[in-house]
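A.B. asks: next comes the sequence, and after it the predicted model I'd like to discuss.
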Amino acid sequence: MIAPFKTRYDQDLNLAKGPGSKIAYAVLLLVMAAIPLVLGEFYVGELGGLFIFAIAGVGLMLLTGYTGLVSLGNAAFLGIGAYTNAILLAHGVPFPISLPAAGLLTAFFGVLIGVPTLRMSGLYLAIATLAFGSIIGTVLQKWDSLTGGFDGFAVQTPTILGFKIEGAWGVYYAALIVLVLVVWVSMNILRSPLGRAMVAIRDSEISAQSMGINLAVTKSIAFGISAGITGLAGGLYAHYVRHLAPDSFDILLSIQLVTIVFIGGLGSLHGAIFGAAFMRLLPQAIAMVRDDLPFGLGQLPGLEPSLFGLILVLVIMFEPGGINGRWVKLKRYFQAFPLHRKPAARRQKSYAKSERLR
Amino acid sequence: MSIFAAQDIAMNFGGIRAVEGVSFTVEPGEVFSIIGPNGAGKTTIFNMISRIYTPSAGKLIFAGEDITTIPPHQIANRGIARTFQNIELFANATLLQNLLIGRHCHSQVGLLAQFGFLPSVRRAEIAHREKAEEVIEFLGLQRYRDQLIANLPYGVRKVVELGRALCIEPKLLLLDEPSSGLNVEETEEMGYWIEDIKQDLGVTIIMVEHDMKLVHAVSDRVMALASGRILALGTSSEVQNDPEVIRAYIGGAPV
Amino acid sequence: MEDVLRLLQLSINGAATGCIYGLIALGFVLIYKATEMVNFAQGEIMMLGGFIAYTLVGKFGMNYWLGSGLAVLITAAFGYALDALVLRRVIGQPQFAVVMLTLGLAFIFRAGAGIAWGYDSVAFNTPFTNKLVKFGGDVVLGQDNLSIIFGTVLLCGVLYLFFSRTRLGIAMQASSQNQLAAYYMGIPVRRVFSLIWAISAGVAAVAAILLVPVQMVDVNSGIVGFKAFAAAVLGGFGSIPGALVGGVLVGIVEQMAGYYLPTGFQEVTSNIVLLAVLILRPQGLFGQVIRKRV
């Protein structure tokens, strides 16, 4: 395969590199839009859920994969977004306003979390976000008057211009539109000075400062954007589940989000989507083969979380680049064919780098 | 009028006095080298100028402005750039992206404009790209343009570090041991780059160095430090022949 | 007098739970000091230790002391194997990857425990269950809490002697501080690290056994690991005595919060302490601040 021959800087800046790419994206969009006309309600519902987690995945990917800020508490942002959207709808706010408002409020919380953690790095940041997520989760549970406590909160069906958006296909299209929007904005950020500033912070804070990047402001913006996107996902999630339970936004959900980002491949937007697809399809796959497993393995309780853990462990041990890492290696294999050399793709042995002295 | 002045600066780390009572000025367009044995305080001075450390005492004046306490991210838009001894490039980005990050201090686009990648952002990006390409051409880095830094040899990375600093379009360039880790040929090349930067771009350079040949070849003035204090300041020959300096490097009976 | 008694009771309860937090935090800190890895599965290892002890003492009817000791050894061996087989393979990967790895392991352990021992809570008889101790006629304290505190102090004494007086202990300290130099001194660093994991797991098992009189063992016991973070951070993540002091402090503050503050606050106490420490004084009580030199 021949690399495209570039004649203008614009070609490097464009999202779709060349006519072939544009056509591919257009076709993908058309296919996605047409799916509900073809597949049954169950699959459409599941895909809607996949899109929602993909949105949350993109939000976390920008924060962790691109800015290097580990967050083990993003479920809190999902929760804030979900409840804000549901509560606003219950008060008669129209959907096209309640959803963005949910995103904005969550973004505000994101900045709120970002500010005290500005000087924390790596491990401490992870623990702090863990604690924060836990606190928000508890608040959502205990603040009965606002969130309905253990009875949960029933979510109203949204309407746009008089049309009721209901059923699996309603969630599907809403989530698809938001996903496309979020991915487009993210890709814009990544090809702009802000995106480069984020990557600079990830790779070397000290020299980022020397280049004129204001660490505090950029990190806060990163937290804000990530939280805002996750908040949008949360708002949609409220419609997906239709009834909010206060204990669903817990540490387990935060870890699932981080797993999405990790398994997908840190540092790539495609990775967020691959990861979300993987995480959502795994339970389905298990359900399908459950009865065929030998030794009655399929009947054991706790099969799902153990498989989840096992896959996580295996991925880290053997393919830390995640699905995207594999995908890139595969692409390179085909591009270089038949001159592909195995050692080029092999992981190099490396030595422990001290994180205390980043 | 000197472009940079350090007035009686000192740096204490706990009980250790890394730098004490150091004063010097740097004239516009000159190459000013700082030499001295390890632990003399050279990099500490650099870190003070680039605001990673705050001096325990004294003042730093750049282009007539007191910069002693400004935040570290504000030195770039005042025109001060630095390279690091141990190369602090962004390892997971391409060479081009590293240089573009160097353009950050010249970026003025708003946040929302970036979200939508408005035409104004596109125009700014192309302008930055053009400047970065100028630097690439100046340093001859064309064939490495799209490679990840992690895959580049050490010598090339040193030059990229230089390029990234040049993207800031600095008035003052701080080079921290530009020849460390380079072989004889690469060091000579580095010397040529430094001369070119001084002559073609008119940039003032302050350089910390150990390689005396390089120091002698490019410097207008040299300052020798030991144990945080100035031993000598003058032309390269003057300083290299100063008995105090010789004693500091080689040792000898105290006077 | 009543208030004083209540305060004393709360403090003892708090100190006892705090000791458990402290022991788990101790496990974190031991591993972190040596390898800069954080073992997010420490709580789950404690849970496994508890189940193993239950099997030996509760189901097979072994003597409490023998069975407990054996359970500690088995868990320690498990810790060793974990490092040798799994953790060694991810040396060189960023810290975040190791965090995820140990989180994944935590899931596997939890599910494995569920498969092996079921999802009900279990317990076994200890010499301290339901026994009381009287002091001066007015003060009545449970032997269970006191045994936890006493056991912890004893264990820490043993560990202190081990690290400062034995060759192996000193070798561990050396390997923690400077791997390369330790190699040059002929210390088998990788094996030493696995042994550190073994000790860490053993300490977790001791914590589980000490906890049995107070709380039953079940698949979710490992959740205490997150509270132990607050302890480790408060103490300063690189400090061993700090971990214990931190644990006891967190435990006591929690008990006080539970009693004096409205309901619901007790749960968030450890997290609030954690956030407060990280924001105000990240190095905790005894930790050190290390800066990168450029």
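C.D. replies: Now that the structure is in, tell me what you want to look at.

A.B. asks: let me see the confidence value for residue A:17.
C.D. replies: The pLDDT attached to residue A:17 in the predicted structure is 69.

A.B. asks: then residue C:99?
C.D. replies: You'll see residue C:99 listed with a pLDDT of 84.

A.B. asks: what about it, helix or strand, and which?
C.D. replies: For residue C:99, the host element (DSSP states H and E) is helix C:95-117.

A.B. asks: list the buried residues in that helix.
C.D. replies: Taking 16 or more other C-beta atoms under 10 Å in any protein chain shown as the neighbour-count basis, helix C:95-117 is seen to contain the buried residues C:95-115, C:117. Where you see a C-beta, it was placed from the backbone N, CA and C, and this is true even at glycine.

A.B. asks: go on, stretch B:37-53?
C.D. replies: Here stretch B:37-53 shows B:37, B:40-53 as buried, counting by 16+ other C-beta under 10 Å.

A.B. asks: other residues contacting that stretch?
C.D. replies: Applying C-beta atoms under 8 Å, 6 or more residues apart in numbering or on different chains, the set of residues contacting stretch B:37-53 from outside is A:206, A:209-210, B:4, B:6, B:9, B:11, B:18-19, B:22, B:34-36, B:54-55, B:60, B:67, B:70-72, B:74-75, B:80, B:82, B:85, B:174, B:176, B:206, B:208, B:225-228, B:248-249, C:294.

A.B. asks: pLDDT value on the residue lying closest to residue C:259 once chain neighbours are set aside, please?
C.D. replies: The spatial neighbour of residue C:259 that comes closest, neighbours along the chain excluded (C-beta to C-beta, 6 or more residues apart in numbering or on different chains), is residue C:10 at 5.9 Å. At residue C:10, the predicted lDDT confidence score is 83.

A.B. asks: for residue A:153, give me its contacts.
C.D. replies: Applying C-beta under 8 Å, 6+ apart, we find residue A:153 in contact with A:83, A:86-87, A:147, A:243-244.

A.B. asks: phi first, then psi, for the closest residue in space to it that isn't next to it in sequence.
C.D. replies: For residue A:153, the nearest residue in space outside its immediate sequence neighbours is residue A:244; the separation is 4.3 Å by C-beta to C-beta, 6+ apart. Note on residue A:244: its backbone torsions stand at phi -90, psi 130 [degrees, to the nearest 10].

A.B. asks: now do residue B:206
C.D. replies: As for residue B:206, its main-chain torsions (degrees, to the nearest 10) stand at phi -110, psi 130.

A.B. asks: how close does it get to chain A?
C.D. replies: As defined by C-beta to the nearest C-beta, to the nearest Å, residue B:206 lies at a distance of 14 Å from chain A.

A.B. asks: quick one: least confident of the contacts of residue A:153?
C.D. replies: The weakest per-residue confidence within those falls on residue A:147 (69).

A.B. asks: circling back: same for chain A: which of the buried residues of helix C:95-117 are within range?
C.D. replies: C:95-101, C:103-108, C:110-112, C:114-115 (C-beta under 8 Å from any C-beta of the partner chain).

A.B. asks: before we move on, the earlier item: tell me the two of the contacts of residue A:153 that are most distant?
C.D. replies: Maximum pairwise distance in the contacts of residue A:153, criterion C-beta to C-beta, is 13.8 Å, between A:87 and A:243.

A.B. asks: so which of those two has more stuff around it?
C.D. replies: Per other C-beta atoms under 10 Å in any protein chain shown, whichever of residue A:87 and residue A:243 has more neighbours is residue A:87, with 19 against 12.

A.B. asks: mind listing what residue B:107 touches?
C.D. replies: Contact analysis of residue B:107 by C-beta under 8 Å, 6+ apart lists A:193, B:124, B:128.

A.B. asks: quick check, nearest of those to chain C?
C.D. replies: Relative to chain C, the closest of the contacts of residue B:107 is residue A:193; by C-beta to the nearest C-beta it sits at 23.9 Å.

A.B. asks: how many neighbours does that closest one have?
C.D. replies: For residue A:193, the neighbour count with other C-beta under 10 Å is 24.

A.B. asks: for it, which non-adjacent residue is spatially closest?
C.D. replies: In space, residue A:193 comes closest to residue B:107 once its chain neighbours are excluded; the distance is 4.2 Å by C-beta to C-beta, 6+ apart.

A.B. asks: what's the pLDDT at that neighbour?
C.D. replies: According to the model, residue B:107 scores 88 on pLDDT.

A.B. asks: give me the contact list for stretch A:313-322.
C.D. replies: Outside of stretch A:313-322, the residues that reach it under the criterion C-beta under 8 Å, 6+ apart are A:262-266, A:271, A:274-275, A:325-326, A:328-329, A:347, C:86, C:89-90, C:93, C:97-98, C:100-101, C:104-105, C:108.

A.B. asks: now those: which count as buried?
C.D. replies: The neighbour count (16+ other C-beta under 10 Å) marks A:262-266, A:271, A:274-275, A:325, A:328, C:86, C:90, C:93, C:97-98, C:100-101, C:104-105, C:108 as buried among those.

A.B. asks: centroid residue for chain B?
C.D. replies: A centroid search over chain B (C-alpha atoms, centre = their mean) returns residue B:174, at 1.8 Å, as the residue closest to the centre.

A.B. asks: surely that one is in a helix?
C.D. replies: No - with DSSP: H, G, I helix; E, B strand; the rest coil as the criterion, residue B:174 is strand rather than part of a helix.

A.B. asks: show the contacting residues for it.
C.D. replies: Taking C-beta under 8 Å, 6+ apart as the definition of contact, the neighbours of residue B:174 are B:46, B:49-50, B:80-83, B:205-207.

A.B. asks: in chain A, what residue lies closest to chain B?
C.D. replies: Closest contact between chain A and chain B, by C-beta to the nearest C-beta, is at residue A:212 (3.2 Å).

A.B. asks: and the pLDDT at residue C:2?
C.D. replies: The pLDDT attached to residue C:2 in the predicted structure is 74.

A.B. asks: so where is chain B shaky, pLDDT-wise?
C.D. replies: For chain B, applying pLDDT under 70 flags the ranges B:250-255.

A.B. asks: can you do 80?
C.D. replies: Low-confidence regions of chain B, defined here as pLDDT under 80, cover residues B:248-255.

A.B. asks: tell me which residues touch residue A:105, please.
C.D. replies: For residue A:105, the residues meeting the contact criterion (C-beta under 8 Å, 6+ apart) are A:80-81, A:84, A:231.

A.B. asks: let's see which of the contacts of stretch A:313-322 end up in helices.
C.D. replies: When DSSP state H defines the helices, the subset of the contacts of stretch A:313-322 inside them is A:262-264, A:271, A:274-275, A:325-326, A:328-329, C:97-98, C:100-101, C:104-105, C:108.

A.B. asks: okay, the one helix or strand residue C:226 maps to in PDB with CA atoms only?
C.D. replies: When elements are defined using DSSP H and E, residue C:226 is found to belong to helix C:224-235. Included here for helix C:224-235 are C-alpha records, laid out as PDB according to Å, rounded to 0.1, in the frame of the first residue of the first chain:
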ATOM      1  CA  VAL C 224     -12.100  -2.700  53.700                       C
ATOM      2  CA  GLY C 225      -9.200  -2.300  51.400                       C
ATOM      3  CA  PHE C 226     -10.500   1.000  50.200                       C
ATOM      4  CA  LYS C 227     -10.700   2.300  53.700                       C
ATOM      5  CA  ALA C 228      -7.100   1.200  54.300                       C
ATOM      6  CA  PHE C 229      -6.100   3.600  51.500                       C
ATOM      7  CA  ALA C 230      -7.100   6.500  53.800                       C
ATOM      8  CA  ALA C 231      -4.900   5.000  56.400                       C
ATOM      9  CA  ALA C 232      -1.900   4.600  54.100                       C
ATOM     10  CA  VAL C 233      -2.200   8.100  52.700                       C
ATOM     11  CA  LEU C 234      -2.700   9.600  56.100                       C
ATOM     12  CA  GLY C 235       0.400   7.900  57.400                       C
END
